[in-house]
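1. Build the 3D model from these lines:
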Amino acid sequence: MRVAVMAAMAVLASGPACSEATGGQSAGGPLPATVDAAYREALRLSPLPRDVEAEQAYWRDGGDGSVRAESHLERLQRRITHDRKARALLVQPADLEKRCLDIELQGCDVAGGGFLKLADEHLLYWQVQEGRTDEGGVGGGVVVLEKRGAGPLTPLVWTAEGGAYEAPVLIANGDGEWLLALPGVSRGTGAGDMLRLLRFRNGVWRQIDTDWQSRAGDLLNGREVRHRPYWSFHDGIRAVTPLWNPSDAQCCGQAGTGLLEFDVVDDRLTLTDLRLLGGER
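-> Below is the predicted model of the structure:
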C-alpha cells in the first residue's frame with residue numbers, strides 16, 4: 001500500500017485548560033434497561049462500533065449471572081451517556097483553544113490540538129485530552145471533529161479508553177481514500193496498544209478492525225506482541241516491536257525485535273511481513 005501522511009497542520013492548544021460543557025442539545029433521556037437494548041443503542045451511537053462488538057462478545061463468552069450482566073449493562077449505559085454527550089456538542093474551532101471538550105474525562109486538561117486537511121473544504125479538527133474517570137482512574141482521551149464545506153463542525157470520533165493518546169495522523173490511501181490513525185497506549189503498567197483506525201471511502205468513515213495479531217498466522221511463527229508497538233505511518237503502515245515467546249515473562253520478550261509491515265485489507269489491518277532486525281524472518 002502506498003500512503004502519504006498528513007501531519008497536524010496547526011497546533012491550537014497545549015497545556016492546561018478548564019473543563020466545561022460546550023453547549024448543544026440535551027444529552028439526557030432514559031437509558032436502555034436491558035443488555036440487548038443497551039447494546040443496540042451503543043452500536044447506533046458509537047463511532048467505534050467494533051469496540052462495542054468486542055466488549056459484547058467478551059461478556060457473552062464469559063458466561064452469564066446477574067452480577068456480571070448488571071456490570072456489563074452499567075458499562076454500556078455509561079458508554080451511551082458519553083456518546084450522547086459527544087454527539088450533542090456544538091463546537092467552533094476556537095473552542096478547542098479554550099476548553100477541554102466535555103465528554104467523559106473529569107478534571108480534563110487539553111494536552112494538544114490542531115487540524116488535518118483532506119481537501120480545501122474538508123478539515124478534521126482534533127483535541128488530545130488528559131484527565132481521569134471514576135472507573136479507570138487517570139487516563140487520556142482524543143476527540144476528532146469534521147468540517148465539510150460550509151457545514152457545521154461535527155464530532156467524528158472520540159475515545160477515552162486509553163492511558164494516553166498522541167496526535168491523530170491522516171494517511172492518503174490512494175483513489176480518494178484516507179486512513180485516520182489514533183495512536184494510543186492503554187492504562188496501567190501493561191502498555192497495551194490502543195491504536196484505532198478509520199477509513200474514509202466514498203464519503204463515509206468506517207472503523208478498521210485492528211486486531212491484526214489474531215489472524216497473523218504463520219508470519220508470527222509462534223511469537224507474540226504483548227506491548228504497544230512503535231508505530232510509523234510515513235511510508236506505509238509499519239511498526240517496530242519486541243517479540244515474545246509464549247513462555248516469556250510479561251516484562252521481557254526474548255524472541256528478538258521485529259519490523260512489521262501492514263496493509264488494510266477488507267477493512268482489516270493485516271500483517272503482511274515480519275523481519276527480525278538481525279535479518280531472519
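2. Only C-alpha atoms from now on, for both contacts and neighbour counts.
-> OK.
3. what is the rounded mean pLDDT of the longest strand belonging to the chain?
-> Longest strand of the chain, by residue count under DSSP state E: strand 106-119. For strand 106-119, mean pLDDT rounds to 95.
4. Would you mind pulling up the elements that that strand packs against?
-> strand 18-20, strand 99-101, strand 122-133 (3 or more C-alpha pairs under 8 Å, 6 or more residues apart in numbering; DSSP states H and E).
5. So, low pLDDT: which residues of the protein?
-> 1-28, 63-67, 278-281 (pLDDT under 70).
6. Could you pull out the helices in it for me?
-> 35-45, 49-61, 66-87, 95-98 (DSSP state H).
7. Look up the residues forming beta bridges with G131.
-> G139 (DSSP bridges).
8. can you tell which of the helices of the chain is closest to V225?
-> Of all the helices of the chain, it is helix 49-61 that lies closest to V225, at 19.3 Å by C-alpha to C-alpha.
9. ok, residues contacting that closest one?
-> Y39, A42, L43, S46, R68, A69, H72, Q207, D209 (C-alpha atoms under 8 Å, 6 or more residues apart in numbering).
10. that older thread, Serialize the helices of the chain to JSON lines and add fields for mean neighbour count and distance to E161.
-> Shown next, in JSON lines, are the helices of the chain (neighbours: other C-alpha atoms under 10 Å; distance: least, C-alpha to C-alpha, whole Å):
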{"stretch": "helix 35-45", "mean neighbour count": "17", "distance to E161": "15"}
{"stretch": "helix 49-61", "mean neighbour count": "14", "distance to E161": "10"}
{"stretch": "helix 66-87", "mean neighbour count": "19", "distance to E161": "10"}
{"stretch": "helix 95-98", "mean neighbour count": "18", "distance to E161": "20"}
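11. Could you dump those into JSON lines with distance to A111 added?
-> Rendered in JSON lines, the data for the helices of the chain read as follows (distance: least, C-alpha to C-alpha, whole Å):
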{"stretch": "helix 35-45", "distance to A111": "26"}
{"stretch": "helix 49-61", "distance to A111": "24"}
{"stretch": "helix 66-87", "distance to A111": "19"}
{"stretch": "helix 95-98", "distance to A111": "11"}
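12. which residues sit in contact with the closest residue to V128 other than its chain neighbours?
-> The shortest distance from V128 to any residue other than its chain neighbours is 4.5 Å, reached at V142 (C-alpha to C-alpha, 6 or more residues apart in numbering). By C-alpha under 8 Å, 6+ apart, the contact set of V142 is W126, Q127, V128, Q129, W158, T159, A160, Y165, L182.
13. Relative to G113, how far out is the second one?
-> When distances are taken as C-alpha to C-alpha, to the nearest Å, Q127 and G113 turn out to be 4 Å apart.
14. more neighbours, these two?
-> Q127 (29 against 25; other C-alpha atoms under 10 Å).
15. Surely the more buried one and E97 touch.
-> No. Counting by C-alpha atoms under 8 Å, Q127 sits too far from E97 to count as a contact (9.0 Å).
16. Overlap of the contact sets of those two?
-> G113.
17. Output stretch 73-80 as CSV, restricted to C-alpha atoms.
-> Output of stretch 73-80 as CSV, limited to C-alpha atoms (Å, rounded to 0.1, in the frame of the first residue of the first chain):
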residue,chain,number,x,y,z
LEU,A,73,-25.3,-3.2,31.4
GLU,A,74,-23.8,-0.4,33.5
ARG,A,75,-20.8,-0.2,31.3
LEU,A,76,-23.0,0.0,28.2
GLN,A,77,-25.1,2.7,29.8
ARG,A,78,-22.0,4.8,30.6
ARG,A,79,-20.9,4.4,27.0
ILE,A,80,-24.3,5.6,25.8
